[in-house]
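J.: coordinates for the following, if possible.
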Amino acid sequence: MNGDLVEAIRASLTSQMASLHAGLKEQSALLTDEQFWQKPIEPGNSLGHLVLHLTGNLKHFTGAMLLKSGYVRERDREFGEPTPPTKEVALAGLEEAVGQFDEAARTADLLVAHPEARFGNVLNALMTLMTHFAVHRGHISYIRRMVEQNHRA
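T.: Purely as a prediction, here's the structure:
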C-alpha cells in the first residue's frame, strides 16, 4: 500500500476516534456520578456501563490482541458490574483504551490478519471497533438526555 495512503488512513482512524471520545466525555461531564450509573429504562444500560463496555472492547481487541497488553476481558461485568467504579475511574479506563486503539492505529501493520478471524485484517478490525464506538456514542447521548429528564421529573 502507498505510504502516503497508509499515513492518511492512520491519521483518519486516530482523529475520528479522538472526536468520538471527546463527544463521549462531553456527555459524561453533564452527569453526576449517580446519574452516570443510572439506567433510565429497564431493561437497559447506564452511560457508565456503556463506558465499561467500550473500554473492555477496545482493551481486548486492540490492547490484548494487537499490543499484547495481557488484558483479560470480563464482558458480562461490563453490563452488570455490581460495584461500579466512580465516573472518574471509569472514564480513565476508557482514556487508556482509546490510547491503545491509537497506538495500534499508528503502529500495526494494517493489512495483516487480525487474531480475531471474523475481522479479517487489522484495518477492518479498527474500522469495526470505531464504528462500534460510534454506535454506542449515539446511545450515550440518548441515555444522557433520558437521565436528565428523569432527574427533572
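
J.: CA only for contacts and neighbour counts going forward, please
T.: Will do.

J.: list the buried residues for the lowest-mean-pLDDT helix or strand in the chain?
T.: Between all helices and strands in the chain, the lowest mean by mean pLDDT, DSSP states H and E belongs to helix 75-80, at a mean of 92. Going by neighbour count (16 or more other CA atoms under 10 Å), the buried part of helix 75-80 is 78-79.

J.: what packs against the longest helix belonging to the chain?
T.: Using DSSP state H to define each element, the chain has its longest helix at helix 122-152. Counting contacts by 3 or more CA pairs under 8 Å, 6 or more residues apart in numbering; DSSP states H and E, helix 122-152 is packed against helix 3-29, helix 47-58.

J.: rewinding a little: for the following helix or strand past the least confident helix or strand of the chain, list the C-alpha coordinates in PDB.
T.: Sequence-wise, the next helix or strand downstream of helix 75-80 (DSSP states H and E) is helix 87-107. The C-alpha coordinates for helix 87-107 follow below in PDB (Å, rounded to 0.1, in the frame of the first residue of the first chain):
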ATOM      1  CA  LYS A  87     -17.200   8.100  36.900                       C
ATOM      2  CA  GLU A  88     -13.700   9.400  37.000                       C
ATOM      3  CA  VAL A  89     -12.200   5.900  37.300                       C
ATOM      4  CA  ALA A  90     -14.400   4.500  34.500                       C
ATOM      5  CA  LEU A  91     -13.500   7.400  32.200                       C
ATOM      6  CA  ALA A  92      -9.800   7.000  33.000                       C
ATOM      7  CA  GLY A  93     -10.100   3.400  31.900                       C
ATOM      8  CA  LEU A  94     -11.700   4.400  28.600                       C
ATOM      9  CA  GLU A  95      -8.900   7.000  28.100                       C
ATOM     10  CA  GLU A  96      -6.400   4.200  28.400                       C
ATOM     11  CA  ALA A  97      -8.300   2.000  26.000                       C
ATOM     12  CA  VAL A  98      -8.600   4.800  23.400                       C
ATOM     13  CA  GLY A  99      -4.800   5.300  23.800                       C
ATOM     14  CA  GLN A 100      -4.300   1.600  23.000                       C
ATOM     15  CA  PHE A 101      -6.600   2.000  19.900                       C
ATOM     16  CA  ASP A 102      -4.500   5.000  18.800                       C
ATOM     17  CA  GLU A 103      -1.200   3.100  19.300                       C
ATOM     18  CA  ALA A 104      -2.500   0.200  17.300                       C
ATOM     19  CA  ALA A 105      -3.700   2.500  14.500                       C
ATOM     20  CA  ARG A 106      -0.400   4.300  14.400                       C
ATOM     21  CA  THR A 107       1.900   1.200  14.600                       C
END
